[in-house]
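Engineer: sequence and predicted structure, then a few things I'm wondering about:
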Amino acid sequence: MSNLLDSLTTELRRGTLTLAVLSQLQTKQYGYSLVQLLEQSGISIEQSTLYPLLRRLEKQELVESLWDTTESRPRKYYVLTDFGIEIYEKLKTEWLVNSKQLYDLLKGE
């Protein structure tokens, strides 16, 4: 039962992590700052999950990356593209509608 629950929980979290990451990239963030922002909101994400997700979002042209080399340690920043902002807004609306419907459904148990 534990393996099944773990698998279903991972599946449930996958989409929510994408939306959570997109929500924080309206301003440019580097990986560690993104992890911190998410953790402040109670959402934990491992770097081994975050970086592949950021690369996928970049391939989908939702996010763009840029290097900042002005400090002693170069950092790669990520930010939503215009297309990413459009998709994020639509996903957010979809999420809010779906979560309200699910909440109402579960509340009626």
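Structural biologist: That came through fine.

Engineer: from here on, contacts and neighbour counts on C-alpha atoms
Structural biologist: OK.

Engineer: helices or strands next to whichever strand or helix holds residue 55 in the packing?
Structural biologist: Remark: residue 55 resides in helix 47-59, with elements defined by DSSP states H and E. On a contact count with 3 or more C-alpha pairs under 8 Å, 6 or more residues apart in numbering; DSSP states H and E, helix 47-59 meets helix 31-40, strand 63-68.

Engineer: residue 52: which of the ones you listed is closest?
Structural biologist: For residue 52, the closest of those is helix 31-40, at 11.1 Å, according to C-alpha to C-alpha.

Engineer: pull the CA atoms of that closest one into PDB?
Structural biologist: The C-alpha trace of helix 31-40 is given here as PDB (Å, rounded to 0.1, in the frame of the first residue of the first chain):
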ATOM      1  CA  GLY A  31      17.700  27.700  -8.800                       C
ATOM      2  CA  TYR A  32      18.500  28.100  -5.100                       C
ATOM      3  CA  SER A  33      16.300  31.200  -4.700                       C
ATOM      4  CA  LEU A  34      13.500  29.400  -6.300                       C
ATOM      5  CA  VAL A  35      13.800  26.500  -3.900                       C
ATOM      6  CA  GLN A  36      13.700  29.000  -1.000                       C
ATOM      7  CA  LEU A  37      10.600  30.800  -2.300                       C
ATOM      8  CA  LEU A  38       8.800  27.600  -2.700                       C
ATOM      9  CA  GLU A  39       9.800  26.300   0.700                       C
ATOM     10  CA  GLN A  40       8.600  29.600   2.300                       C
END
